[in-house]
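In: I would like to see how this sequence folds:
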Amino acid sequence: MLNFLTYFRLAAHKIDLVKGNSLSMKSKFSRTSLFRILAVTTCLINLSTNSLAATCLRGVNIAGAEFGDELGAYGEAYIYPSDETLEWAAGEGMTAIRLPFKWERLQPSLFGSFDSRELGFLRDVVAKSNSLGLTVILDPHNYAQYRGTRIGNGPVSAAAFADFWRRLAPHFSGNSEVVYLLMNEPANLTAATWFPAAQAGIHAIRDTGANNLIMVPGTIWTGASHWFDEQDGGSNADLFERIEDPLENMVFEVHQYMDKDYSGTNSTCPRSEDAIEALQNMATWLKTHDFRGFVGEFGGTTSPDCLAGLAEMTAYLNSDSETWIGWSAWAAGEWWGDYELSLQPIEGMNTPQMKVLAPYISASPNQCG
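Out: Numbers count the residues shown, from 1 in each chain. Okay, here's the model as predicted:
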């Protein structure tokens, strides 16, 4: 990671080039990058608080705030995690939760102000989670769309997406226990369309001065098994090796289920070995390009092959903590009912899946990096 002095040296070098009107076309940094360098140097003093060497992020998704139609009423169509569920997560030794919510509820109009009540719900969950020692991964759970329109179409532009993050980032800026996941599972758009939106989101966050860890997903539901799939304009692997974060405080966020089509919608997990191989291939790519990763979703039913797969996958992720900074299993939440993948305790008792995951939550190594 570039340190504070390095950025000043880079900035000074660029100033000299601009003054001399001889900016090299081969330089990694453009004139725009120069001003970003100057803008972020002040927050680099505090960058160490968000170091990737932080405690491993291990936990669960806690669903509910992304449920229902965006116009549905709170407590009827959707719900944020209760204190009881957050206390359960902390009591199990988890260090993180991934918190899905809807972009449209927080920002009812593109380029518009946030809904104060919805922002209040988000703030309350973050505050409670942090008080329990839980890092919160903020997850706009929208599949790269806004009110049904995909990013890159009509008014749902990369600029609109960047505006969302420009407004959200300052609310938790500098809080090392809040992570910014750009978007949940971009789908039905190409990596060539998603990449500039993701890059715009990163720059929007950094332009506010926020130094929080950023998580960047790919397309095709950000599946590790699809990272190298050919797409018009290039694969995730082709394009995202060029992603830039001025603070170099970002990781890639991928999902990997173990059922027959990697969707997480089937009752058995016959492809656990293939799923782990996909993560290993992804890890090779990450190491090659000096990146790191986080597995934001994986899970399974109580089928014996799913339970065995959960143990194998978490054991693998824990064993390669230099590459993977952690994981969050899918999914807890009070409203799941009889959902087969639910991790929510039933009458105070952990599910079979949670009993499998529990030893890996607290297993060594306790530090990533």
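In: C-alpha from now on. contacts and neighbour counts both.
Out: Will do.
In: just say helix, strand or coil for Ala331.
Out: strand (DSSP: H, G, I helix; E, B strand; the rest coil).
In: neighbours around the residue nearest to it when sequence neighbours are not counted, how many?
Out: In this structure, Ala331 finds its nearest non-sequential neighbour in Asn61, 4.8 Å apart by CA to CA, 6 or more residues apart in numbering. Neighbour count of Asn61, defined by other CA atoms under 10 Å: 24.
In: repeat for Ala73
Out: Ala73: 11 neighbours (other CA under 10 Å).
In: could you check the distance from it over to Arg105?
Out: According to CA to CA, to the nearest Å, Ala73 stands 10 Å off from Arg105.
In: and if you look at Trp285?
Out: Trp285 sits 36 Å away from Arg105, going by CA to CA.
In: what of Glu230?
Out: Remark: distance between Glu230 and Arg105 (CA to CA) = 34 Å.
In: look up phi and psi at the most centrally placed residue in the chain.
Out: For the chain, Leu181 is the residue whose C-alpha lies nearest the centre (CA atoms, centre = their mean; 3.2 Å). Dihedral pair for Leu181: phi -90, psi 120, per degrees, to the nearest 10.
In: give the contact list for it.
Out: Ile137, Leu138, Asp139, Pro140, Ile214, Met215, Val216, Pro217, Glu253 (CA atoms under 8 Å, 6 or more residues apart in numbering).
In: which of those residues fall in strands?
Out: Here DSSP state E is the test, and those give Ile137, Leu138, Asp139, Pro140, Ile214, Met215, Val216, Pro217, Glu253 as lying in strands.
In: would you turn the residues you listed into TSV with neighbour count and distance to Leu168?
Out: What follows is those, written out as TSV (neighbours: other CA atoms under 10 Å; distance: CA to CA, whole Å):
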residue	neighbour count	distance to Leu168
Ile137	25	13
Leu138	22	10
Asp139	23	12
Pro140	22	11
Ile214	23	13
Met215	25	15
Val216	24	16
Pro217	28	18
Glu253	27	19
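In: quick check: Gly296 vs Leu341, distance?
Out: For Gly296 relative to Leu341 (CA to CA), the value is 15 Å.
In: higher neighbour count, those two?
Out: Set Gly296 next to Leu341 and count neighbours by other CA under 10 Å: Gly296 wins out with 29 against 23.
In: that older thread, so how far is Glu177 from the nearest residue in space to the residue nearest to the centre of the chain that is not next to it in sequence?
Out: Nearest residue to Leu181, sequence neighbours excluded (CA to CA, 6+ apart): Met215, at 4.5 Å. Met215 sits 13 Å away from Glu177, going by CA to CA.
In: please apply the same query to Val254.
Out: 20 Å.
In: ok, now Leu71?
Out: For Leu71, the distance to Glu177 equals 30 Å [CA to CA].
In: what does Asn249 give?
Out: Distance, Asn249 to Glu177, by CA to CA: 14 Å.
In: please apply the same query to Glu312.
Out: 28 Å.
In: put the alpha carbons of the helix or strand containing Ile276 into CSV.
Out: Ile276 belongs to helix 272-288 when elements are defined using DSSP states H and E. The C-alpha trace of helix 272-288 is given here as CSV (Å, rounded to 0.1, in the frame of the first residue of the first chain):
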residue,chain,number,x,y,z
SER,A,272,-18.7,-28.2,-3.8
GLU,A,273,-15.4,-29.4,-5.3
ASP,A,274,-16.0,-27.3,-8.4
ALA,A,275,-17.0,-24.3,-6.3
ILE,A,276,-13.8,-24.5,-4.3
GLU,A,277,-11.7,-24.9,-7.5
ALA,A,278,-13.4,-21.7,-8.8
LEU,A,279,-12.3,-19.9,-5.7
GLN,A,280,-8.8,-21.2,-6.0
ASN,A,281,-8.7,-20.0,-9.7
MET,A,282,-10.0,-16.7,-8.5
ALA,A,283,-7.3,-16.6,-5.8
THR,A,284,-4.6,-17.1,-8.4
TRP,A,285,-5.9,-14.2,-10.4
LEU,A,286,-6.0,-12.0,-7.3
LYS,A,287,-2.4,-12.9,-6.3
THR,A,288,-1.2,-12.3,-9.9
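In: helix or strand right after that helix?
Out: strand 293-297.
In: let me see the confidence value for Cys56.
Out: At Cys56, the pLDDT value in this model is 89.
In: got it, and Glu340?
Out: You'll see Glu340 listed with a pLDDT of 98.
In: I figured it hits Ser267, correct?
Out: Yes. Contact criterion CA atoms under 8 Å: Glu340 and Ser267 qualify, at 7.5 Å.
In: need the residues touching each of these two.
Out: Common neighbours of Glu340 and Ser267 (CA under 8 Å, 6+ apart) are Gly300, Thr301.
In: next, the distance between the ends of stretch 209-218.
Out: The first and last residues of stretch 209-218 sit 25 Å apart, counting by CA to CA.
In: what average pLDDT does that stretch get?
Out: On average, stretch 209-218 scores 98.
In: just give me the neighbour total for Phe111.
Out: Neighbours of Phe111 (other CA under 10 Å): 17.
In: heads up, I number from 217, so please use that
Out: Renumbered: residue one is now 217, and that last one reads Phe327.
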